[in-house]
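Peer 1: I'd like to go over a predicted model; first the sequence, then the structure.
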Amino acid sequence: MSEPRFLPRAGLQALIDALTGAGYECVGPRVRDGAIVYEPMASADELPHGLNDRQAPGEYRLEAAAGARNFAWANGPQALKPLLFAPRESLWTVARDARGRLMFEPAQPVARPRAVLGVRACDLAALRLQDAHFRDGPHPDPAYGARRDALFLIAVHCTHPAATCFCASTGDGPRADSGYDLALSELDDGFLVEAGSVAGAVILRRLPTADATQRQRETAAREIEAGAQAQQRALPGTDLQRLLFERLDHPRWDEVAQRCLSCANCTSVCPTCFCYSEHDSPRLDGGESEHYREWDSCFTFGHSYIHGGAVRSGTRERYRQWLTHKLGGWHEQYGRSGCVGCGRCITWCPVGIDITEEAGAVCAD
Ligand code: SF4
Ligand code: SF4
């Protein structure tokens, strides 16, 4: 990590230009349909400015805020997941040649260099988990790996947590400690910029920066700490892994099943969920077929279907599977919980089910 440099707010365009000039497609937060989403961008004017997000269980609103900050909000429904683990992706196609033989053609992953601006600490933590699953395991995923290798990450330390955030309790934020190429601390008049990689240092040298003052550093550190202190939720600090598996018959599973719609919103927005299903899509004349995968979820009937039927036929079993895997089973698979405290599953659950509350209820006493 380099010493921070000060970039005036007007210098954000120079950052985007430097990334574009280095061959990256620049993706950043933009407002679409009342939410902040990652989309390709060419101008700093496309960033949100003067906006806060108000989040609560089952609720998300963007609101006007005092000042002209670009990152005075916590997060939107997306993390980095859709940029690396595509919601739907072709794996191979098969067609008959002139002699009627089946010819299989694997999909060739192509990834253009992409720079993502505005990544949060929780999203970097989630990315490490997705890397462990898709890239660093015994069966690396070539499409994920190609996109991951082409990624340049510009983190923004979080100073405006939503009411649904709890990354401080999982140890994943609000400061981005590693895993980025550049990291920004937003101040009223600009940004402190640190490089976290050689590629980041190259871009940083191209920016119109000045030495950061001691006061700017202190302000940035104070705002990040205030962001941690402002968080209102936390996962129980108990031995969740053991307690959850000891309490598979807890009455709370029945209670939450009365409210849960099995809609799978929570797993779609979760930056660490990685389940998918595979399907074939044959052409009507039978001459060609595509084999593709798409996101799946603990909450769908088909995801637990094995020969003869679904092993998790009801919402109680599906919710219990999600929670016990996310907060329990992941420790055995990846050495830590699968939750990074982003709060998205709470905000985007249509009936406002709160993972911290449910885990707390099952593990109480
Ligand atoms: S379980 Fe919920 S809070 Fe935890 S990482 Fe997934 S979406 Fe975020
Ligand atoms: S917990 Fe909420 S978001 Fe998840 S499946 Fe149930 S109703 Fe849908």
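Peer 2: Everything's here; your move. Ligands and ions are numbered 1, 2, ... in the order given.
Peer 1: Would you agree residue 54 is in contact with residue 64?
Peer 2: No - using Cβ atoms under 8 Å, residue 54 makes no contact with residue 64, being 11.1 Å away. In this view, the C-beta of every residue, glycine as well, is placed from N, C-alpha and C.
Peer 1: Look up the closest residue to the residue of the stretch 1-150 of the chain at minimum distance from ligand 2, ignoring the ones flanking it.
Peer 2: Using Cβ to the nearest ligand atom, residue 58 is the residue of the stretch 1-150 of the chain that sits closest to ligand 2, at 8.3 Å. Excluding the flanking residues, the one nearest residue 58 by Cβ to Cβ, 6 or more residues apart in numbering is residue 352, at 3.3 Å.
Peer 1: And for residue 276?
Peer 2: Of all residues not flanking residue 276 in the chain, residue 293 sits nearest, at 4.7 Å (Cβ to Cβ, 6+ apart).
Peer 1: With residue 275 instead?
Peer 2: Per Cβ to Cβ, 6+ apart, closest to residue 275 is residue 296, 4.8 Å.
Peer 1: Distance of that neighbour relative to residue 273?
Peer 2: Distance from residue 296 to residue 273, counting by Cβ to Cβ, to the nearest Å: 9 Å.
Peer 1: Compare neighbour counts for those two and give me the winner.
Peer 2: residue 273 (25 against 17; other Cβ atoms under 10 Å).
Peer 1: dump the residue contacts of the closest residue in space to residue 302 that isn't next to it in sequence.
Peer 2: Spatially, and ignoring its direct neighbours in sequence, residue 302 is nearest to residue 277 (6.5 Å; Cβ to Cβ, 6+ apart). Each residue near residue 277 by Cβ atoms under 8 Å, 6 or more residues apart in numbering is listed here: 293, 294, 296, 300, 302, 303.
Peer 1: same thing with residue 321?
Peer 2: By Cβ under 8 Å, 6+ apart, the contact list for residue 321 reads 298, 304, 312.
Peer 1: Out of those residues, who's the most crowded?
Peer 2: Counting by other Cβ under 10 Å, top hit in the contacts of residue 321: residue 298 with 23 neighbours.
Peer 1: wait, isn't that one in contact with residue 318?
Peer 2: Yes - using Cβ under 8 Å, residue 298 is in contact with residue 318, at 5.3 Å.
Peer 1: So for these two, which residues contact both of them?
Peer 2: 304, 312.
Peer 1: pLDDT on stretch 313-329, on average?
Peer 2: Averaged across stretch 313-329, the pLDDT comes to 96.
Peer 1: Endpoint to endpoint, that stretch covers what distance?
Peer 2: One end of stretch 313-329 sits 20 Å from the other (Cα to Cα, to the nearest Å).
Peer 1: Can you classify residue 185 by secondary structure?
Peer 2: The local conformation at residue 185, judged by DSSP: H, G, I helix; E, B strand; the rest coil, is strand.
Peer 1: Can we start the residue count at 191 from this point?
Peer 2: Sure, I'll start counting at 191 from here, so that last one is residue 375.
Peer 1: Contacts only, for it.
Peer 2: Neighbours of residue 375 in contact, by Cβ under 8 Å, 6+ apart: 194, 346, 347, 349, 381, 382, 410, 413, 414.
Peer 1: Could you pull out the strands in the stretch 391-540 of the chain for me?
Peer 2: Shown for the stretch 391-540 of the chain, the strands assigned by DSSP state E, counting those that start in this stretch span residues 400-401, 466-472, 478-485, 495-496, 499-500.
Peer 1: Show the residue spans covered by the strands in the stretch 241-390 of the chain.
Peer 2: Under DSSP E, counting those that start in this stretch, the stretch 241-390 of the chain gives strands at 241-246, 249-254, 278-286, 292-296, 304-309, 341-346, 372-376, 380-385.
Peer 1: Make TSV out of the ones you listed and add distance to residue 441 and mean pLDDT.
Peer 2: Listed next are those as TSV, based on distance: least, Cβ to Cβ, whole Å; pLDDT from 0 to 100:
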stretch	distance to residue 441	mean pLDDT
strand 241-246	26	97
strand 249-254	27	98
strand 278-286	38	95
strand 292-296	49	95
strand 304-309	40	98
strand 341-346	42	98
strand 372-376	45	98
strand 380-385	49	98
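Peer 1: would you turn those into JSON lines with distance to residue 451?
Peer 2: Listed next are those as JSON lines, based on distance: least, Cβ to Cβ, whole Å:
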{"stretch": "strand 241-246", "distance to residue 451": "18"}
{"stretch": "strand 249-254", "distance to residue 451": "16"}
{"stretch": "strand 278-286", "distance to residue 451": "23"}
{"stretch": "strand 292-296", "distance to residue 451": "37"}
{"stretch": "strand 304-309", "distance to residue 451": "30"}
{"stretch": "strand 341-346", "distance to residue 451": "33"}
{"stretch": "strand 372-376", "distance to residue 451": "37"}
{"stretch": "strand 380-385", "distance to residue 451": "41"}
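Peer 1: Out of the ones you listed, which gets nearest to ligand 1?
Peer 2: strand 241-246 (11.5 Å).
Peer 1: ok so, going back, any idea what the residue nearest to residue 492 is bridged to?
Peer 2: Beta-bridge pairing for residue 467 (DSSP bridges): residue 484.
Peer 1: before we move on, what about residue 280?
Peer 2: Under DSSP bridges, the beta-bridge partners of residue 280 are residue 482.
Peer 1: my guess is it contacts residue 479, does it?
Peer 2: No - between residue 280 and residue 479 there is no contact, the gap being 10.9 Å when judged by Cβ under 8 Å.
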